[in-house]
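Enquirer: next one to model:
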Amino acid sequence: MKYETFEATFIKENKQLRLILGAVTLLLVLILFFILTDKKYFVLKNSKLISERPLLTWVCEESFQSITKGKPEKELIVESILRELDKNQFKVSSEEILSVLSIKDNLCRIIVRGDGKTRSFLVNFKTDPEFPFHYKLSEINEVELNQNELSLTQGEK
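Expert: This next block holds a predicted model:
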């Protein structure tokens, strides 16, 4: 093979390689652009998991049930409530839990049925990363239950 023919072949193949490399680079830049502008990471922001906060509802149900059964869980309830429960018993029959709803950041609503009555309670929580479950029950308030809320609980829990 002569040097001239080798040089011509080398230049020709080098141009083809540059074209392929340019096309691949353009394709990679296009793929990177689509990945960076994709909005899938916003799906979790409005998902049911984030809005319902399952840990808060679990702590709400477990702490409330432990209080009504007379065996309060120390990991789920603040010390002031535990001291008060030692002095006075919390007498609420909760044979069936109809609904546990997370309302705000540190507030949940629990609707229970017991002794032929349906009752609703707002339960406040303190949050702290130092707590075993991040939430501790800090206050229980009984609130009036209207028929609209009762009808919403029929399909739940």
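
Enquirer: for Lys74, pull up the helix or strand it's in.
Expert: Here Lys74 is covered by no helix or strand, with elements defined by DSSP states H and E.

Enquirer: how many other residues sit next to the closest residue to it other than its chain neighbours?
Expert: In space, not counting the residues next to it along the chain, Lys74 is nearest to Leu82; the distance is 6.5 Å by C-beta to C-beta, 6 or more residues apart in numbering. Placement of C-beta: from N, CA and C, glycine included. The local packing count at Leu82 equals 15, with neighbours defined by other C-beta atoms under 10 Å.

Enquirer: and Leu82, that one's in a strand?
Expert: No. Checked against DSSP: H, G, I helix; E, B strand; the rest coil, Leu82 lies outside a strand; its state is helix.

Enquirer: pLDDT-wise, which helix or strand of this protein ranks last?
Expert: Across the helices and strands of the chain, mean confidence by mean pLDDT, DSSP states H and E is lowest for helix 48-52: a mean of 52.

Enquirer: okay, now the domains of the chain?
Expert: 3-38, 48-155 (automatic domain parsing).

Enquirer: show me what counts as buried in the next helix-or-strand element following the least confident helix or strand of the chain.
Expert: Helices and strands here follow DSSP H and E; after helix 48-52, the next one along the chain is helix 54-68. Applying a neighbour-count criterion of 16 or more other C-beta atoms under 10 Å, the buried positions in helix 54-68 are Leu56, Thr57, Val59, Cys60, Glu61, Glu62, Ser63, Phe64, Gln65, Ser66, Ile67, Thr68.

Enquirer: now what about helix 54-68, what contacts it?
Expert: For helix 54-68, contacts defined as C-beta atoms under 8 Å, 6 or more residues apart in numbering pick out 72-73, 76-77, 85, 90, 92-94, 97, 100-102, 106, 108, 110, 112, 121, 123, 125, 133-137, 140.

Enquirer: A helix includes Lys91, no?
Expert: No. Counting by three-state DSSP, Lys91 is located in no helix; its state is coil.

Enquirer: show me where the protein has its strands.
Expert: 96-104, 107-114, 117-127, 135-143 (DSSP state E).

Enquirer: looking at these, which is buried most?
Expert: Mean neighbour counts were compared across those using mean count of other C-beta atoms under 10 Å; the top stretch is strand 107-114, at a mean of 20.
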